[in-house]
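# Dropping a prediction and its sequence here:
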Amino acid sequence: MRHFGQLCQRVSGTEDAKYSRCSPAYNTFRTFAAALLFIALCFRADAAEHITLKNGFDLICDHRQPDGDHVRLYLDSGSANFVDVAVNEIVSSEYVDLPKAPANTQPATANTKLTTADVHELLTRAGARHDLDVDLLASIVKAESGGNAHAVSRSGARGLMQLMPKTAEGLGVNDSFAAEQNVNGGTAYLDALLKKYHDNLALALAAYNAGPAAVERWHGIPPYRETRAYVARVIHEFNRRYSQRISAQKQLASMQGSSGN
């Protein structure tokens, strides 16, 4: 089992590329900045705005808020995930329909919903296959889908580990809503990212969320609010799970020692 040493807590600032061996989607869209077109958003529940920037990057924007010569672009329906950019950076903007699950894919029901034990078993097997800590995988699943095997993000990521369709295809995942396929594919992808970044988990997580191209462009964790929040969230959850596991192991060892006396 890989050991990542001291867990990493800070993910903001400009020194992220220096993180080494820190513990904690596919490219939901290469995200950096976008600008405001002076057109009011149409309130369409089934659509989002695809924005292209001068630097060639793309962004899927849920809604926006103008502020002088800058604009705040919100990446989801809430107010926590956003990027602030200059108006003159925008090249084009168009509305796009949000991806939907295939018509023959049925939502999880009481009879088909995975239990916590089911998910843990899948993660344990996948983790053993790729030498990854099950608590790390569980932390990613919690951040990505909350354990919902039929989750679909606004950008089209699907399943427990939120695989984008092209990523899933490249990993040999035929059905991202099939829990075992999704977990195996997501774990293999994370393993490949860890190898690419020499077991730097902070960078691997950033690449999982924003894509390897963004990490390489910024030589570290990209300055995207969504990505930084994601890395921090997974690291915090992994820290919590890891600490609980170590505490339980110590308690069990103590009880066994006491019973042997």
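Noted; the coordinates are in hand. Residues are numbered from 1 along each chain as shown.
# which residues of this protein fall in strands?
47-53, 58-61, 63-67, 70-74, 82-86, 90-97 (DSSP state E).
# What separation is there between the residue lying closest to Leu205 once chain neighbours are set aside and Arg240?
Once flanking residues are discounted, Leu205 sits nearest to Val231: 4.7 Å by C-beta to C-beta, 6 or more residues apart in numbering. For the C-beta atoms, the positions are set from N, CA and C on the backbone; glycine is no exception. Using C-beta to C-beta, to the nearest Å, we find Val231 at a distance of 15 Å from Arg240.
# and the residue nearest to Leu205, how many neighbours?
In terms of burial, Val231 registers 30 neighbours under the definition other C-beta atoms under 10 Å.
# returning to that earlier point: out of the strands of the chain, which is closest to Ala126?
Across these, Ala126 has its closest neighbour in strand 58-61 (28.7 Å, C-beta to C-beta).
# Give me the below-cutoff pLDDT ranges for the stretch 51-200 of the chain.
In the predicted model of the stretch 51-200 of the chain, residues 55-60, 75-82, 95-112 satisfy pLDDT under 70.
# And the helices in it?
Taking DSSP state H, counting those that start in this stretch as the criterion, the stretch 51-200 of the chain carries its helices at 116-130, 134-144, 165-170, 179-196.
# Do I have it right that Thr116 meets Gly147?
Yes: with contact defined as C-beta atoms under 8 Å, Thr116 counts as touching Gly147 (7.1 Å).
# More neighbours: these two, which one.
With neighbours defined as other C-beta under 10 Å, Thr116 and Gly147 compare such that Gly147 has more, 18 against 9.
# ok, that one to His236 distance?
17 Å.
# ok, now how distant is the residue nearest to Leu205 from Phe177?
The gap separating Val231 from Phe177 is 26 Å, by C-beta to C-beta.
# How about Asn88?
Counting by C-beta to C-beta, the gap between Asn88 and Phe177 amounts to 42 Å.
# More neighbours: those two, which one.
Using other C-beta under 10 Å as the criterion, Asn88 and Phe177 rank with Phe177 on top: 20 against 10.
# what's the residue lying closest to Asp175 once chain neighbours are set aside in contact with, if anything?
In space, and not counting its chain neighbours, Asp175 is closest to Gln181: 5.7 Å by C-beta to C-beta, 6+ apart. Under the criterion of C-beta atoms under 8 Å, 6 or more residues apart in numbering, the contact partners of Gln181 comprise 173-175.
# tell me which of those is nearest to Thr227?
The shortest distance between Thr227 and any of these, using C-beta to C-beta, involves Val173 and amounts to 23.0 Å.
# burial of the closest one, as a residue count?
Here the neighbour count serves as a burial measure; for Val173 (other C-beta under 10 Å) it reads 25.
# Check whether it really touches Met164, as I assumed.
No: using C-beta under 8 Å as the test, Val173 is too far from Met164 to be in contact (10.5 Å).
# Just give the closest residue to Gly127, not the sequence neighbours.
If you skip the residues right next to it in sequence, Gly127 has Val134 as its closest partner in space, 4.4 Å away by C-beta to C-beta, 6+ apart.
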